[in-house]
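Colleague: Fold the following and give me the result.
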Amino acid sequence: MIDIDKKNRLKKMKHFKSLKKLLISLLIFLISLNLIHTKSADASIKSLLSSVQMGQEIEFTWEKIDEEDIDPKIIFWETKTFPTEKNHTLNENSWSFINPLSKFKPSKVESSGKIIIKAPLRTGLYTIYYCASNYDGFFCTPQRPMAVITCKNLPKKPTSKIENIIIFISENHSFDSIYGNYCKAEPFSNPKCNIGPECCEGIPKEQNGIKPKDLTDIQNARYDPCHLRACEESEMNGGKMDKYIIGGVGSTPNNYVAAIDDEFSAKWYFDWARNYAMSDRFFQSAPGQSSQSDMYFAGGKLFFEDNDFAGQNKKVWGNQCRETFISYYDPTVADLLNTCGVSWTFYGQRLKEKVTRENCDNSYFDGTDNPFAYFPSLTNSTTRDYNFRDFDELITDLQNGTLPYVSYVKALEMYTEHPGATGGLIGGQMLSNKIINAMKSSKFYSNNTLVVLVPDESGGFYDHVSPPELSSQIDGKQYGPRTQFIVVGEQAKRNYVSHVTLEPTSLIRFIEWNYIGAEGQLETRDTIVNNIGDLLDENKTGVKVPSLNANNPYYSKLKKEEEEKEKEKKEIKVESLKFLVNDD
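Modeller: Numbering: from 1, shown residues only. A predicted model of the protein is given here:
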């Protein structure tokens, strides 16, 4: 005979267990929505650094550690995996108990404090975790990323004879809008030659029954195309590049322009192309506005879209008139340079002048034009006053022999060539020419410095060449339209057109190779992009600067094209020798 009371008790226990499971599931769901926080959620681990050398000692501070947490630890863990209770101590050089006593027995810790920890002895991108145990068991919460790198070029000595690089970032022009009338090859002809304007494609002479307008200084100041991500993507139309004039978001005949060889248009740009090296396959990193695009020069990946945020807060230079802010703790190329003791500076026109609500116009520096200002590791560093300076100091440094190894330059909007701005095309080119002339006349830097001229983005102007089809495997974004890219200096090839696919992160890869001695250390797009070596003369750089990257998804195709070009050169040379022999 069945005990009725026992049966009822079992039934109640079963219901209780089911209810308990339901409550636990609900609790987990609420935690996942951040509607309920675990006790460890407020724990904060901080460091002033975003990049360190292998085995380097780093000071970490902590705060808001819960008193119930047992065996709290700070752990370096490779970003692609996740620490667990069983595997988190596999590499004792990559973690430390906050309280050393906990190595011998379970121990609690003060809610705040600091500790010195050695970085791992293997390079890579790591995530700093706070791990501990509490009444719920073992847990780890991610705190911040940190790059562990190697500085192969220490003591400081560049790999090539290019000792200094100055990167002047202008704004908002496509390749066709600047060089569409300079280039003489037929559109879509894909020329294989490299010397002169016959080796790059000109702008199509007609689209939708409309001819391109001349982009003069007046026309540039007259109209600013829509260059939001939505506009650029719509106009690109999946790589067809056919909705700039009609049929897309932001479409208008005013997008269809090309500069001319005239002092009121792009005379300097045409001269630089004739006398130095340019790329006709340099693409915007992703469709979108200037701030989004500038960040690729610093970090090599997408951080946010369009001009959605300014860096950190209103106290950062040029941000007094901004309302939305964001900070990032990811490593940048500047962090790598700081870690390896390589000097760098961001020069901005009127960078540190105080701005009030009454003078928020383009005669004052716009803080969103400084991609390095989004990173506390840089703005709070001990070298910040040297790293962030006014443009006038660049000219002084060129004259006095005090130029840093790596320089970035951003002008006031009126001198960035930004469409719709007062300075137009001429003002930006005059500023570029001032930098180039100061470099060429310097007794310290005329033979060892490379000046790079490149805009942050295409600005919504028409370009006829489709970007590479594949989205980036790093951030899932497809390339935007082409922009102009020119290198000026003793080591640049002459009257040369490079067809190697490049983007802003290619400059990070060059800086890593030339000044640090190891490429791809940010583990962003710098791992897959091509280097700028094809634009440089190896007879003058002292060493062959890399060009193609074996990790690039188009490497096989590009390598084959390069081999075919070399084969063609050899055949021409053989034919020339045969001709000379027969002539004798």
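Colleague: Going by secondary structure, M146 is in what exactly?
Modeller: Element membership for M146 (DSSP states H and E) is strand 137-149.
Colleague: mind listing what the helix or strand just after that strand pairs with, with the direction of each?
Modeller: Counting by DSSP H and E, the next helix or strand C-terminal to strand 137-149 is strand 164-170. The pairing partners recorded for strand 164-170 under DSSP bridges are strand 406-410 (parallel), strand 449-455 (parallel).
Colleague: Just put these in a markdown table and tack on distance to T150, mean neighbour count and mean pLDDT.
Modeller: The C-beta positions use only the backbone N, C-alpha and C, and glycine is treated the same way. Converted to a markdown table, these look like this (distance: least, CB to CB, whole Å; neighbours: other CB atoms under 10 Å; pLDDT from 0 to 100):
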| stretch | distance to T150 | mean neighbour count | mean pLDDT |
| --- | --- | --- | --- |
| strand 406-410 | 18 | 25 | 98 |
| strand 449-455 | 24 | 25 | 98 |
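Colleague: about what we covered before: any idea how far the strand holding M146 is from the chain center?
Modeller: Distance of strand 137-149 from its chain centroid, counting by CA atoms, centre = their mean, to the nearest Å, is 23 Å.
Colleague: and what of stretch 437-456?
Modeller: 22 Å.
Colleague: start to end distance for it?
Modeller: Stretch 437-456 stretches 23 Å from its first residue to its last (CA to CA, to the nearest Å).
Colleague: Likewise for stretch 509-524?
Modeller: 10 Å.
Colleague: Repeat that for stretch 472-491.
Modeller: Using CA to CA, the end-to-end distance of stretch 472-491 comes to 30 Å.
Colleague: Just the buried residues of that stretch, please?
Modeller: In terms of neighbour count (16 or more other CB atoms under 10 Å), stretch 472-491 has its buried residues at 472, 474, 477-491.
Colleague: Show me what the strand holding M146 is packed up against.
Modeller: strand 44-46, strand 51-53, strand 70-78, strand 124-134, helix 333-339 (3 or more CB pairs under 8 Å, 6 or more residues apart in numbering; DSSP states H and E).
Colleague: okay if I get these as CSV plus distance to N220?
Modeller: What follows is the helices and strands packed on strand 137-149, written out as CSV (distance: least, CB to CB, whole Å):
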stretch, distance to N220
strand 44-46, 46
strand 51-53, 39
strand 70-78, 48
strand 124-134, 41
helix 333-339, 31
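Colleague: Deepest-packed of these, please.
Modeller: Comparing the helices and strands packed on strand 137-149 by mean neighbour count (mean count of other CB atoms under 10 Å), helix 333-339 ranks first with a mean of 25.
Colleague: Other residues contacting that helix?
Modeller: Contacts made with helix 333-339 from outside it, assessed by CB atoms under 8 Å, 6 or more residues apart in numbering, are listed as 49-53, 147, 149, 151, 297-300, 343-344, 346, 372, 375, 377-378, 381, 383, 387, 405-406, 508, 511-512, 515-516, 521-522, 526.
Colleague: repeat that for 7 Å
Modeller: Helix 333-339 is contacted by residues 50-53, 147, 149, 151, 298, 344, 372, 377-378, 381, 383, 406, 508, 511-512, 515-516, 521-522 when judged by CB atoms under 7 Å, 6 or more residues apart in numbering.
Colleague: With stretch 222-238 instead?
Modeller: Under CB under 7 Å, 6+ apart, the answer for stretch 222-238 is 172, 243-244, 248-251, 254-255, 287-289, 305-306, 419-420, 457, 459-461, 480-481.
Colleague: cutoff 6 Å now
Modeller: By CB atoms under 6 Å, 6 or more residues apart in numbering, the residues outside stretch 222-238 that reach it are 243-244, 248-250, 254-255, 287-289, 305-306, 419-420, 459-461, 480.
Colleague: Next: stretch 125-145.
Modeller: 40, 43, 45, 68-73, 75-79, 83, 85, 88, 146-148, 329-330, 523.
Colleague: returning to what we had before: out of the helices and strands packed on strand 137-149, which comes closest to N551?
Modeller: strand 124-134 (15.2 Å; CB to CB).
Colleague: Quick one: mean pLDDT for that closest one?
Modeller: Averaging pLDDT along strand 124-134 gives 88.
Colleague: and the closest residue in space to K352 that isn't next to it in sequence, what are its phi and psi?
Modeller: In this structure, K352 finds its nearest non-sequential neighbour in W317, 5.4 Å apart by CB to CB, 6 or more residues apart in numbering. Note on W317: its backbone torsions stand at phi -50, psi 130 [degrees, to the nearest 10].
Colleague: where's W317 relative to L378, distance?
Modeller: W317 sits at a distance of 12 Å from L378 (criterion: CB to CB, to the nearest Å).
Colleague: now swap in E232 and tell me
Modeller: Taking CB to CB, one finds E232 at 29 Å from L378.
Colleague: between those two, which one's more packed in?
Modeller: E232 (29 against 24; other CB atoms under 10 Å).
Colleague: okay, that one: pLDDT?
Modeller: For E232, the pLDDT comes out at 97.
Colleague: what's the helix or strand for it?
Modeller: Going by DSSP H and E, E232 is part of helix 229-236.
Colleague: Equivalent analysis for C321, please.
Modeller: Per DSSP H and E, there is no helix or strand for C321.
Colleague: Count the residues that sit near it.
Modeller: 17.
Colleague: show me the residues around it that make contact.
Modeller: C321 touches C360, counting by CB under 6 Å, 6+ apart.
Colleague: Show me the beta-bridge partners of the residue nearest to I167 when sequence neighbours are not counted.
Modeller: Leaving aside its chain neighbours, I167 sits nearest to V452 (4.6 Å; criterion: CB to CB, 6+ apart). Counting by DSSP bridges, V452 forms beta bridges with I167, V487.
Colleague: Roughly how far does V452 sit from G533?
Modeller: 14 Å.
Colleague: do the same with I75
Modeller: I75 is 39 Å from G533, by CB to CB.
Colleague: now do N448
Modeller: Taking CB to CB, one finds N448 at 17 Å from G533.
Colleague: In terms of neighbours, single out the busier of the two.
Modeller: G533 (21 against 17).
Colleague: okay but the more buried one is in contact with V543, surely?
Modeller: No: contact criterion CB atoms under 6 Å: G533 and V543 do not qualify, at 9.7 Å.
Colleague: got any residues that touch both of these two?
Modeller: Here G533 and V543 share no contacting residue, scored by CB under 6 Å, 6+ apart.
Colleague: Dihedrals phi and psi, the residue most central in space within the chain?
Modeller: For the chain, Y296 is the residue whose C-alpha lies nearest the centre (CA atoms, centre = their mean; 1.9 Å). The phi and psi torsions at Y296 (degrees, to the nearest 10) take the values phi -70, psi -30.
Colleague: For the stretch 451-584 of the chain, which segments count as helices?
Modeller: Shown for the stretch 451-584 of the chain, the helices assigned by DSSP state H, counting those that start in this stretch span residues 505-511, 538-541, 555-583.
Colleague: Mind telling me which of those helices the model trusts least?
Modeller: helix 555-583 (a mean of 63).
Colleague: Show the pLDDT at L470.
Modeller: 82.
Colleague: low-scoring stretches of the stretch 301-450 of the chain, by residue?
Modeller: Under the criterion pLDDT under 70, the flagged ranges of the stretch 301-450 of the chain are 355-359, 421-423.
Colleague: Right, I'll leave it there.
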